[in-house]
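>>> just need the structure, nothing else, for what follows:
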Amino acid sequence: MIRIVVAGAAGRMGGRIVAMIHQNPESELAGAFEHPEHPGVGQDAGSVAGIGELGVVICGSVDEAIDGADVLIDFTQPESTLQNMRIASEKGVSMVIGTTGISEDGVKEIETLSGKIPCVMAPNMSVGVNVMFKIAGEMARILGNDYDMEILEVHHRLKKDAPSGTAMRLGRILAESVDRDLEKVGVYGRKGMIGERTDEEIGIQTWRAGDIAGEHTVMFGGIGERLELVHRAHNRDNFARGAVRASLWITGQPAGLYDMQDVLGLK
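Just a heads-up that it's a prediction; the model follows:
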């Protein structure tokens, strides 16, 4: 039985992770925490998640919740995730990180800390999206420079970072597949007399509206035809279920930084 502690357990994503841990016969909720001022602190994590009492109270810090855990799942904010990983590395607790918007320096620190503990970090824990990553790269290699490449990502109005981590990963996959540098060819907005589209550019566009859980479209536009690869998340459960799957996989792995491609055997 893998014992999991959940960061941000009273949030929308945290609640679904709590529920998926409870549903999986191989995992157990070992702890849950929020920031100290959150109204969920002191309440039962299962009750807050809407699945009934589990006997695990939401704590006000990671230090109160982490003892006895095998894995910490974190889908919170960049600074919180980094602080939680510092503590997890000291305690010898594995990490599963779904937080997006982490800076380049933050990623470097995670890479360093993963020298002490095994960590799965992915912009999207969905099994379907990770299959999409694999297929998108293969399509780009096959179609090559004869097709224009565009990415559209759509999320709920409360999402803070843009473009999404998933869209950025897709952009890097497309660019690497045709020997381009996304930092040089990525286009994130178009307005006015911009001239013709270049052959090299990869467009990444963002929409925000309502309560959309997440949609990603990769379009390959050729002359006389286009191909589209689409993933639509109907709710957050697929992300939460993937995080639990990653938690089961990471236990017993050597220290190091992994992603969902490793978890799913897609590399």
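>>> shouldn't residue 7 be in contact with residue 71?
No: using C-beta atoms under 8 Å, residue 7 makes no contact with residue 71, being 11.2 Å away. Backbone N, C-alpha and C define where each C-beta goes, glycine included.
>>> between the two, who's got more neighbours?
Legend: neighbour count by other C-beta atoms under 10 Å for residue 7 and residue 71, higher for residue 7 (32 against 29).
>>> for the more buried one, give me the pLDDT.
If you check residue 7, the pLDDT there is 98.
>>> skipping adjacent residues, who's closest to it in space?
residue 74 (4.2 Å; C-beta to C-beta, 6 or more residues apart in numbering).
>>> wait, what's in contact with that neighbour?
7-8, 80-81, 84-85, 95-99 (C-beta atoms under 8 Å, 6 or more residues apart in numbering).
>>> one more time with 6 Å
7, 81, 84, 97, 99 (C-beta atoms under 6 Å, 6 or more residues apart in numbering).
>>> for residue 73, grab phi and psi.
phi -100, psi 130 (degrees, to the nearest 10).
>>> let's number from 23 now, not from 1
Renumbered: residue one is now 23, and that last one reads residue 95.
>>> one step back: need the pLDDT of the residue nearest to residue 29.
98.
>>> can you mark which positions in the helix or strand containing residue 197 are buried?
Using DSSP states H and E, the element containing residue 197 is helix 187-199. Buried residues in helix 187-199, counting neighbours by 16 or more other C-beta atoms under 10 Å, are found at 187-197, 199.
>>> give me the below-cutoff pLDDT ranges for the chain.
By pLDDT under 70, the chain contains no weakly predicted segment.
>>> any chance you could map the strands in it?
24-29, 49-55, 80-81, 93-96, 116-119, 140-143, 170-177, 208-209, 224-230, 236-243, 248-255, 278-280 (DSSP state E).
>>> what's the first one in contact with?
It refers to strand 24-29. Here strand 24-29 makes contact (C-beta under 6 Å, 6+ apart) with 36, 39-40, 43, 49-50, 52-54, 87-88, 91-96, 98, 106, 269-270, 273.
>>> given that strand, what are its sheet partners and their directions?
With DSSP bridges as the test, strand 24-29 is paired with strand 49-55 (parallel), strand 93-96 (parallel).
>>> and the longest one, how far out from the chain's middle?
Put plainly, it is strand 49-55. Computed by C-alpha atoms, centre = their mean, to the nearest Å, the chain-centroid distance of strand 49-55 equals 20 Å.
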